[in-house]
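In: What shape does this take:
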Amino acid sequence: SQCDFQSSLAPLRSARDESDVQQIENECLGMAVMAISHDSIEKKRPVCEF
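Out: Alright, predicted model coming up:
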């Protein structure tokens, strides 16, 4: 959970190969998009469409 990350209790996994690196990068990007979208919705701001 977010609390686990903030308190440094969340386990982090290491990438074993290039495929793992790509998956971790995609997960991070997805979480960033979700956080930005959530913040925009809470503040009643339009979410940009690309």
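
In: tell me the pLDDT at the residue nearest the centre of the chain?
Out: Central residue of the chain (CA atoms, centre = their mean): Met31, 2.0 Å from the mean position. At Met31, the pLDDT value in this model is 89.

In: now it: how far from Ser37?
Out: Met31 is 11 Å from Ser37, where distance means CB to CB, to the nearest Å. (Each C-beta comes from the backbone N, C-alpha and C, glycine too.)

In: What of Cys28?
Out: Applying CB to CB, the value for Cys28 to Ser37 is 15 Å.

In: Report how many residues lie close to Ala35.
Out: Neighbour count for Ala35, taken as other CB atoms under 10 Å: 11.

In: That one sits in which helix or strand?
Out: helix 18-42 (DSSP states H and E).

In: which other helices and strands contact that helix?
Out: Based on contacts counted as 3 or more CB pairs under 8 Å, 6 or more residues apart in numbering; DSSP states H and E, there is no element that helix 18-42 packs against.

In: Return the set of buried residues in that helix.
Out: The neighbour-count criterion (16 or more other CB atoms under 10 Å) identifies no buried residues in helix 18-42.

In: Please state the offset of it from the chain centre?
Out: Relative to the centre of its chain, helix 18-42 is centred 3 Å away, using CA atoms, centre = their mean, to the nearest Å.

In: Name the residues contacting each of Met31 and Ser37.
Out: Common contact partners of Met31 and Ser37 (CB atoms under 8 Å, 6 or more residues apart in numbering): none.

In: residues contacting the residue nearest to the centre of the chain?
Out: Met31 touches nothing, counting by CB under 8 Å, 6+ apart.

In: separation between it and Pro11?
Out: Taking CB to CB, one finds Met31 at 16 Å from Pro11.

In: go on, Asp17?
Out: 19 Å.

In: Of these two, which one has the most company?
Out: Asp17 (8 against 5).

In: separation between the more buried one and Ser40?
Out: From Asp17 to Ser40 the distance is 35 Å (CB to CB).

In: ok, now Cys28?
Out: In terms of CB to CB, Cys28 sits 19 Å off from Ser40.

In: Repeat that for Arg13.
Out: Arg13 is 30 Å from Ser40, by CB to CB.
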